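> The following comprises the amino acid sequence and a computationally predicted model.
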Amino acid sequence: MNSNRLLGLAVAIILGIVASVFVYRQFQAASAPKPVVRMQQIVVAAEPLKLGTRVNSSNLKTIPWPQGQPVAGMFTKVDDVANRALITSVAENEPILESKLASLQSGAGLAATIPEGMRAMSVAVNDVVGVAGFVTPGTMVDVLVTGAATGGGNITRTILENVRVLAAGQKVEQDKEGKPQTVPVITLLVTPDDAAKLAMASTEGKIQLALRNTIDTKNMSPPAVMQTSLFASGAPAPAPKHVAAKTPPAVPAPFTVEVIVGTKRETKSFQNP
């Protein structure tokens, strides 16, 4: 009986010690000072800003940002980005990064969005050429031209592929709902060589834009289409007339001569001339 009491007492003492240690550790964890997160300021957009907008203190602000979690290309002072233009649209409170800004010398507006070595070139369009108004800023197109071919007839050729549309009319941003925009002019981003091709095509021929998916970047290099091949008659070609083989002239039969010499008689054959 005494041994059972001693065993129960020992178990109770052990459980009490374990509970005391647990409570002590929890109290220590609760009372320990939490690590201090150091903050810094980061420059963000104070309102939604469109592509080409020149940023300054009127449309920028700073917000707290964890110092240990920097963002590549971020700014901590508004003065560091003042008077530079955006090359992409940004949302309210979106960080202003170096990759979203044109150089200070680029100015503002559409010109600031043109990468070095590229050109912006406008072409006249209508509802048909502009794919019913769905050729809008940011979309990708192919440029086809139809003109007179050497030797007669017309020819249609794809002269440019996967070209970005910079602006539709004077708008440099797509409609948020994807609505078509009927405009008289489309501005394309092209290389200097392609700008020359486009100028010649729009002057000497008739251009047509073909809208493509923005993720479809493969150049297809389709063959040119000749008017003569497109509108050639589908009737089978007439069979060649049968020409009878010429019969060679008949060879005249040879003639024979009987020769008698004394008592000897002999017959000789000669070919007719």
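Perfect, thanks for sending it. Everything quoted here is computed from the prediction, not taken from an experiment.
> Can you show me the strands along the stretch 151-273 of the chain?
Per DSSP state E, counting those that start in this stretch, the stretch 151-273 of the chain carries strands over the ranges 154-168, 185-190, 206-212, 225-226, 255-261, 264-270.
> of all the ones you listed, which lies closest to residue 219?
strand 154-168 (4.8 Å; Cβ to Cβ). Heads up, the C-betas are built off the backbone N, CA and C, glycines and all.
> Show me what that closest one is packed up against.
Contact here means 3 or more Cβ pairs under 8 Å, 6 or more residues apart in numbering; DSSP states H and E; on that basis strand 154-168 packs against strand 119-124, strand 140-148, strand 185-190, helix 192-204, strand 225-226.
> Domain boundaries for the protein, per the record?
39-112, 118-230 (automatic domain parsing).
> Could you tell me the end-to-end distance of the shortest one?
Think domain 39-112. End-to-end span of domain 39-112 (Cα to Cα, to the nearest Å): 33 Å.
> re the thing from before, tell me which of the helices and strands packed on strand 154-168 is the most buried.
Burial of the helices and strands packed on strand 154-168 is given as mean neighbour count (mean count of other Cβ atoms under 10 Å); strand 185-190 ranks first at a mean of 20.
> Who are the packing partners of that one?
Under the contact criterion of 3+ Cβ pairs under 8 Å, 6+ apart, strand 185-190 touches strand 119-124, strand 154-168.
> So what angle separates the directions of the longest one and helix 192-204?
So the one you mean is strand 154-168. On the basis of axes from the mean of the first three to the mean of the last three Cα atoms, to 10 degrees, strand 154-168 is oriented at 120 degrees to helix 192-204.
> Identify each buried residue in strand 154-168, please.
Applying a neighbour-count criterion of 16 or more other Cβ atoms under 10 Å, one finds 154-161, 163-168 buried in strand 154-168.
> got it, and stretch 39-48?
Buried-residue list, stretch 39-48, by 16+ other Cβ under 10 Å: 42-46.
> ok, and what's touching it?
With Cβ atoms under 8 Å, 6 or more residues apart in numbering as the test, stretch 39-48 has contacts from 55, 58-67, 71, 74-78, 80-81, 89-96.
> now stretch 79-90
So stretch 79-90 is contacted by 43, 45, 48-57, 60, 75, 96, 100-104, 106-109, 112-113, 173 (Cβ under 8 Å, 6+ apart).
> Return the members of the residues you listed classed as buried.
43, 45, 49, 51-55, 60, 75, 96, 100-102, 106, 108, 112-113.
> right, so of the helices and strands packed on strand 154-168, which gets closest to residue 28?
strand 140-148 (62.2 Å).
> what pLDDT, on average, does the closest one get?
In this model, strand 140-148 carries a mean pLDDT of 94.
> Switch the helices and strands packed on strand 185-190 over to JSON lines; also include mean pLDDT and distance to residue 184.
Shown next, in JSON lines, are those (pLDDT from 0 to 100; distance: least, Cβ to Cβ, whole Å):
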{"stretch": "strand 119-124", "mean pLDDT": "93", "distance to residue 184": "6"}
{"stretch": "strand 154-168", "mean pLDDT": "93", "distance to residue 184": "10"}
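> closest to residue 28 out of those?
strand 154-168 (61.6 Å).
> Show me how far that closest one is from its chain's centre.
Taking Cα atoms, centre = their mean, to the nearest Å, the mean C-alpha location of strand 154-168 is offset from the chain mean by 12 Å.
> quick one: it to strand 185-190, angle?
If you take the same axes, to 10 degrees, strand 154-168 sits at 100 degrees to strand 185-190.
> Using PDB, list the CA coordinates for strand 154-168.
Output of strand 154-168 as PDB, limited to C-alpha atoms (Å, rounded to 0.1, in the frame of the first residue of the first chain):
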ATOM      1  CA  ASN A 154      -0.900  41.900-109.400                       C
ATOM      2  CA  ILE A 155       1.000  40.300-106.500                       C
ATOM      3  CA  THR A 156       0.300  40.200-102.700                       C
ATOM      4  CA  ARG A 157       3.300  39.700-100.400                       C
ATOM      5  CA  THR A 158       3.800  39.800 -96.600                       C
ATOM      6  CA  ILE A 159       6.500  42.400 -96.100                       C
ATOM      7  CA  LEU A 160       6.500  42.600 -92.200                       C
ATOM      8  CA  GLU A 161       5.600  40.100 -89.500                       C
ATOM      9  CA  ASN A 162       5.000  40.400 -85.800                       C
ATOM     10  CA  VAL A 163       5.000  44.300 -85.700                       C
ATOM     11  CA  ARG A 164       3.800  46.000 -82.500                       C
ATOM     12  CA  VAL A 165       1.100  48.700 -82.700                       C
ATOM     13  CA  LEU A 166       2.200  51.700 -80.700                       C
ATOM     14  CA  ALA A 167      -0.900  53.900 -81.200                       C
ATOM     15  CA  ALA A 168      -4.300  53.900 -82.800                       C
END
